[in-house]
Every structure is written in C-alpha cells, then in structure tokens.
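1. Please work out how this folds:
(one chain, ligands or ions: 1)
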Amino acid sequence: MKICWFDGARLGVVTGAEMRDVTGALAVLPPATYPAPPGDMLIEHLDRVRLEIQRLWRDAPIVEIGQAMLMSPVRNPSKIIAAPVNFPFHIQEAKSAPGVFKQYEGGIEEQGLFLKATSSLVGCGQGVRTRFPARQTHHEIELGVVIGKTGSDIPLDEALSYVAGYTIALDMTVRGGEDRSMRKSLDTYSVLGPWLVTADEVADPQVLDFELSVNGVLRQRSNTRHMIMGIAKLIAWASTFYTLLPGDVIMSGTSEGVGRVEPGDMMHCRIESIGSMTVQVR
Ligand code: MN
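-> Okay, the predicted model is just below:
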C-alpha cells in the first residue's frame, strides 16, 4: 500500500495513478494525549489504519495527485538517522572536495551514523529552501527506511521485520566544515516522499535502481545493492546505540554524483518500487 499525507493533514492512498482521500481512517487512532509519547502515531498503528483504509477505500473521494501538496509520509519521527559514506564512489568524490578531507577518514563503521533534526523534515510538495547562497547546497538521494515498531539491540536476521515501509529521501547538505548534524539539519533539508510504500510491496530493498536529475540533467544513478552497509545492518547497528521507535527514519546513504542546487532548480527523484517525486528548490 502507498500511503501519503497531503494538503496539511489529509491522508491519501495511491493506487496506480489514482489517489483517494482516506482521512477518515485516522479515526481508528487512539485519542491524542499530552505529553505525547515519542514516535509517529500513524506508523505505530499502521496495521489498524491499513485495515480501515481498505474498508473506506471504495467510497473515498478521488484526489488529483498533481493538485495535492504532498507532505512528508512520516509526520513525527523521533529521529532521522543517516548513514555517511555508504557508497564507494561517493566516498571518493567527498574526499576530493577541498578542505573537508578529515571528515571522511575511515569508513562508515569508523565514522558512525549521524542524526538530522526532525524540524528539517518536509514533503516533496513543500520543496527545499536553501540558505547561505555563498555556500554550496548539495542534493543526496537516498533510500528512506521507516521503522515500524520499537526495537533495541535488534538481531541482524530480524532487522528487516522492523521496517514499516520505504520512501524516497533527500539528505540535503550545506557543504563545509561544520559537523554533519548542523549542515544537514537546516529547515527543509530533509525531504521524504512522495509516499510510504509498505514493506510488503518491496520484496528486496537491496536491489533497487535509483536516480536523481536536476532540471532534466541526470546527476545520480545507482542501485541500492552498492551500499557498503546494507539496510538490515544499519537497523541492527543503529539499535545498539538508540532504541528505534515507530516512525524513525533511516536515510541509508547516497551514491556518487552529488552536486549543487540553486533556487529555481527542479530535482526529479526516482526509486524503483517506490515511485518518483519532483522537488522544487527555492
Ligand atoms: Mn547522505
């Protein structure tokens, strides 16, 4: 099932080229409390919501996808975890950038994962707003993995069973010398979209072609099989440091071909088995 949020707080389900408004399915969620428990309530109760979507679907109004403002398919992750240097050729290009060599010493196991602020998260319809025009903002297309249930010290062979679904992720980055968590946490610098594809529709997340073009010119093209640390290991390893909660997002690393974007640019992103999304840079 392909599930999205649109136009603020509307819930959508996408079948082929058609989207339907299934906001009514949210009625099965428990009432909101304060303080709210950490994590994303929809993802935590996804099985229940899916059943309700199936019940409502036939009578749900059709929405023109092109007219809808697509929001992040995960609204309240407790954390956005990201993998640096997880594709071999991207490491070479990162190391060749002037003045940043020290940040790229060692592989992913030495450098560790990093966290992006959840306030940086937007959907593809909202676009990226760059800051610091004198500095370079780069695109990084990544497979976004959405955690479905709470787990700590997750065994490697069970790790993929913790995945609720997959989405296209953009780990936008200001290049420079600051810590990654600062340079990658600007408002709008984490993009997810266009929807969450539930894990049952992705037989093997480790064989997916993906590509990103800017203004019609191909920049990045690779396949998730080239990841140095695969998705199961990323989940298991991350969970030895922090408890993973429903809705937590893992951005699994980018391939070679990252490059600058500037206001006015249009990024077109596609990942096999998920779909495609266009993201405007402002
Ligand atoms: Mn990245």
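2. Now do the strands in the stretch 51-200 of the chain.
-> 62-63, 80-82, 114-116, 121-123, 137-139, 141-147, 163-171, 173-174, 190-198 (DSSP state E, counting those that start in this stretch).
3. Select, out of these, the one closest to the ion.
-> Minimum separation from the ion across the strands of the stretch 51-200 of the chain (Cβ to the ion) falls at strand 163-171, 3.5 Å. From N, CA and C alone the C-beta is placed, and that goes for glycine too.
4. so how far is that closest one off the chain centroid?
-> 4 Å (Cα atoms, centre = their mean, to the nearest Å).
5. From the contact counts, what lies against it?
-> The helices and strands touching strand 163-171, judged by 3 or more Cβ pairs under 8 Å, 6 or more residues apart in numbering; DSSP states H and E, are strand 141-147, strand 190-198, strand 249-251, strand 266-271, strand 275-280.
6. check contacts around residue 93.
-> 256, 257, 258 (Cβ atoms under 8 Å, 6 or more residues apart in numbering).
7. could you list every residue that touches the last one?
-> Residue 258 makes contacts with 90, 93, 94, 138, 139, 140, 173, 219, 220, as judged by Cβ under 8 Å, 6+ apart.
8. Mean neighbour count, distance to residue 27 and mean pLDDT added to the helices and strands packed on strand 163-171, as a markdown table?
-> Converted to a markdown table, those look like this (neighbours: other Cβ atoms under 10 Å; distance: least, Cβ to Cβ, whole Å; pLDDT from 0 to 100):
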| stretch | mean neighbour count | distance to residue 27 | mean pLDDT |
| --- | --- | --- | --- |
| strand 141-147 | 28 | 22 | 98 |
| strand 190-198 | 26 | 19 | 98 |
| strand 249-251 | 27 | 26 | 98 |
| strand 266-271 | 21 | 31 | 98 |
| strand 275-280 | 19 | 27 | 98 |
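9. Dump these into CSV; add distance to residue 127 as well.
-> Shown next, in CSV, are the helices and strands packed on strand 163-171 (distance: least, Cβ to Cβ, whole Å):
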stretch, distance to residue 127
strand 141-147, 15
strand 190-198, 8
strand 249-251, 18
strand 266-271, 9
strand 275-280, 4
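10. Could you tell me whether residue 254 really is in a helix?
-> No. Counting by DSSP: H, G, I helix; E, B strand; the rest coil, residue 254 falls outside a helix, being coil.
11. before we move on, back to that, make a markdown table from the strands of the stretch 51-200 of the chain and add distance to residue 14 to it.
-> Output for these, formatted as a markdown table (distance: least, Cβ to Cβ, whole Å):
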| stretch | distance to residue 14 |
| --- | --- |
| strand 62-63 | 10 |
| strand 80-82 | 23 |
| strand 114-116 | 26 |
| strand 121-123 | 14 |
| strand 137-139 | 24 |
| strand 141-147 | 16 |
| strand 163-171 | 12 |
| strand 173-174 | 29 |
| strand 190-198 | 6 |
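12. Max pairwise distance over the contacts of residue 258: which two?
-> 94 and 219 (14.8 Å; Cβ to Cβ).
13. which stretches of the stretch 51-200 of the chain have low pLDDT?
-> 98-104 (pLDDT under 70).
14. near the ion, which residues of the stretch 1-150 of the chain?
-> With Cβ under 5 Å from the ion as the criterion, the stretch 1-150 of the chain meets the ion at residues residue 140.
15. hmm, 8 Å instead?
-> 82, 83, 84, 86, 140, 142 (Cβ under 8 Å from the ion).
16. Against residue 139, how distant is residue 211?
-> 12 Å (Cβ to Cβ, to the nearest Å).
17. Compare those two (neighbour count), which wins?
-> A count of neighbours by other Cβ atoms under 10 Å puts residue 139 above the other of residue 211 and residue 139, at 26 against 19.
18. does that one really touch residue 219, like I thought?
-> Yes. Residue 139 is within contact range of residue 219, at 6.9 Å (criterion: Cβ atoms under 8 Å).
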